[in-house]
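Novice: How does the following fold in three dimensions:
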Amino acid sequence: MKITRERSDLLTMKDIAQLAGVSRGTVDRVLNNRGAVSPETAERIRSIMRAVNYTPNLAGKTLAIKKKQLRFGFILFDITKNPFFLDVLQGIQSRMDQLTEYGVEVEICYTDMSAEKQVSAIEALCENGLDGLAITAVNHPLVSAQLGALTQRGVPVVTVNSDVPNCGRIAFVGSDYYKSGKTAAGLMNLICGGPAKAGVLIGSPWVMCDSERLSGFVEQLGEQYPHIQIVHTAVNHSDEFESYTATQKMLEEFPEITALYLAAAGVEGACRAISDLGHKGDITVISHDAPPATRKLLEDGSIAATITQQPFVQGAKPLDILLDYLGMNIPPEKEYIYTKIEIKIRENML
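Specialist: Model (predicted):
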């Protein structure tokens, strides 16, 4: 497309996006200084806008969105049980002031891993009026059916952290958990440096981030590291007390375990059980995420490594997607929006 300064008054956001090789949503986020856009991409977009004297009518757009009086819901797993979601909450709160400027209201709800409670939370949000929903969803038929009913009524859904396939949602924001599980297997091989007997703890088979991590871990060990054998797998419902009990029972029943993969929350409880049984330093522990308790456990050597997934982005990005979709008719750039998988050890934790 050839653009001259004389035609600049005819340019649209779509034109700028086409020139920059990005989506309209990315251009909008640069214009409004919201959302995660790389500095290089943002500068390329701004350079194009300067070159063609592009001046968007932001005030008009804001007024148009305000007239819609949008209301979003955001359902998170219980932050008192899983501190990972405190960082997700920070991402949500980082968007609240800006959404208020657009006249958008956001109601945050918390549930445990019960499908029934998630369905009840969705119903309660709908009773108060719901235009768009972001949810850390339990992958259960009851929840899938409820989300499917929402999308059929034209309410867009973004799943966050834990996905529910085939429910009609417009996007998923979270880690590639299968790849994350494979990463854990590779880490365990590197750190153990030879044959090992492994125990595994997951939160719930109904939560896809847990089940996908487990699948990736199991398959990678089988294909690449058969010298590491999984002795036992237990469920802790991402609860510290259950995690302590499950770990204690596992290590007492299978004293040959030399490595532990914690595929869910409950890290502090598991490490406390290891320490109470006198095995600290004898068992290689690989975990996920980096709330304050996990950071301390990395520092004191209880955990060998943890794998993070950008929780702040998981809180902020879904709201950006819903605003683009409902406020400006801009669909998500892609269906799966994966956050970065990062390996943290004691030396690079800070």
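
Novice: Give the rounded mean pLDDT of stretch 306-320.
Specialist: Stretch 306-320 carries an average pLDDT of 95.

Novice: Sorry, slip of the keys, the one I care about is stretch 156-167.
Specialist: Rounded mean pLDDT across stretch 156-167 is 94.

Novice: the strands in the stretch 251-350 of the chain, which residues?
Specialist: Taking DSSP state E, counting those that start in this stretch as the criterion, the stretch 251-350 of the chain contains strands spanning 259-262, 284-288, 305-308, 336-338, 342-344.

Novice: And for the stretch 101-250 of the chain?
Specialist: Per DSSP E, counting those that start in this stretch, the stretch 101-250 of the chain carries strands over the ranges 105-111, 132-135, 157-160, 171-174, 196-202, 228-235.

Novice: how about TSV for the strands of the stretch 251-350 of the chain, with mean neighbour count added?
Specialist: For glycine as for every other residue, the C-beta is placed from the backbone atoms N, C-alpha and C. Output for these, formatted as TSV (neighbours: other C-beta atoms under 10 Å):
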stretch	mean neighbour count
strand 259-262	26
strand 284-288	25
strand 305-308	22
strand 336-338	15
strand 342-344	16
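
Novice: Output those in TSV; the columns should cover distance to residue 153.
Specialist: TSV is the format used below for those (distance: least, C-beta to C-beta, whole Å):
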stretch	distance to residue 153
strand 259-262	39
strand 284-288	35
strand 305-308	36
strand 336-338	24
strand 342-344	38
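
Novice: Among those strands, which comes closest to residue 52?
Specialist: strand 336-338 (29.3 Å; C-beta to C-beta).

Novice: Sheet partners, orientation included, of that closest one?
Specialist: strand 171-174 (parallel) (DSSP bridges).

Novice: Centre of the chain to the partner strand, how far?
Specialist: 7 Å (C-alpha atoms, centre = their mean, to the nearest Å).

Novice: Can you name the residues in contact with that strand?
Specialist: 134, 158-163, 209, 309, 313-314, 317-318, 321, 332, 334-339 (C-beta atoms under 8 Å, 6 or more residues apart in numbering).

Novice: List buried residues within those residues.
Specialist: Buried by 16 or more other C-beta atoms under 10 Å: 134, 158-163, 209, 309, 313-314, 317-318, 321, 332, 337-339, out of the contacts of strand 171-174.

Novice: JSON lines for the strands of the stretch 101-250 of the chain, including distance to residue 343?
Specialist: Formatted as JSON lines, those follow (distance: least, C-beta to C-beta, whole Å):
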{"stretch": "strand 105-111", "distance to residue 343": "29"}
{"stretch": "strand 132-135", "distance to residue 343": "27"}
{"stretch": "strand 157-160", "distance to residue 343": "22"}
{"stretch": "strand 171-174", "distance to residue 343": "17"}
{"stretch": "strand 196-202", "distance to residue 343": "18"}
{"stretch": "strand 228-235", "distance to residue 343": "18"}
